[in-house]
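**Student:** When you get a sec, could you give me coordinates for this:
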Amino acid sequence: AFERLLGVRRWAARHARLLTRGAALVLAVYGALLVTGQLTTLTLRLQGAG
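**Tutor:** You can find the predicted model right below:
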């Protein structure tokens, strides 16, 4: 189990820039949805109520 964790750690370290950019993109989209008031609409649609 520990070796597997080290493998995941190495992979994350090699791809740190990509992971950071991906997280930044997710946060930017979330923020834009929140500011424009579309987050509620999206949530309702994903729940099947919209």
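
**Student:** Which other helices and strands does the helix or strand containing residue 35 contact?
**Tutor:** Element membership of residue 35 [criterion: DSSP states H and E] is helix 16-36. Helices and strands touching helix 16-36, by 3 or more Cβ pairs under 8 Å, 6 or more residues apart in numbering; DSSP states H and E, are helix 38-47. C-beta here means a position set from N, CA and C on the backbone, and glycine is covered the same way.

**Student:** could you give me the average pLDDT of the helix it packs on?
**Tutor:** Along helix 38-47, the predicted confidence averages to a pLDDT of 94.

**Student:** do stretch 16-27 as well
**Tutor:** This predicted structure assigns stretch 16-27 an average pLDDT of 98.

**Student:** what comes up buried for it?
**Tutor:** Residues of stretch 16-27 classed as buried by neighbour count (16 or more other Cβ atoms under 10 Å): none.

**Student:** now it, how far from the centre of its chain.
**Tutor:** Using Cα atoms, centre = their mean, to the nearest Å, the distance from the centre of stretch 16-27 to the centre of the chain it belongs to is 8 Å.

**Student:** Contacts for that stretch next, please.
**Tutor:** By Cβ atoms under 8 Å, 6 or more residues apart in numbering, the residues outside stretch 16-27 that reach it are residue 12.

**Student:** could I get that stretch in PDB with only the CA atoms?
**Tutor:** Extracted as PDB, the C-alpha positions of stretch 16-27 are listed here (Å, rounded to 0.1, in the frame of the first residue of the first chain):
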ATOM      1  CA  ALA A  16       1.900  19.400 -10.500                       C
ATOM      2  CA  ARG A  17       1.700  22.200 -13.100                       C
ATOM      3  CA  LEU A  18      -1.200  20.600 -14.900                       C
ATOM      4  CA  LEU A  19      -3.000  19.800 -11.700                       C
ATOM      5  CA  THR A  20      -2.600  23.400 -10.500                       C
ATOM      6  CA  ARG A  21      -3.900  24.800 -13.800                       C
ATOM      7  CA  GLY A  22      -6.800  22.300 -13.800                       C
ATOM      8  CA  ALA A  23      -7.800  23.300 -10.200                       C
ATOM      9  CA  ALA A  24      -7.500  27.000 -11.100                       C
ATOM     10  CA  LEU A  25      -9.800  26.500 -14.100                       C
ATOM     11  CA  VAL A  26     -12.400  24.700 -12.000                       C
ATOM     12  CA  LEU A  27     -12.300  27.500  -9.400                       C
END
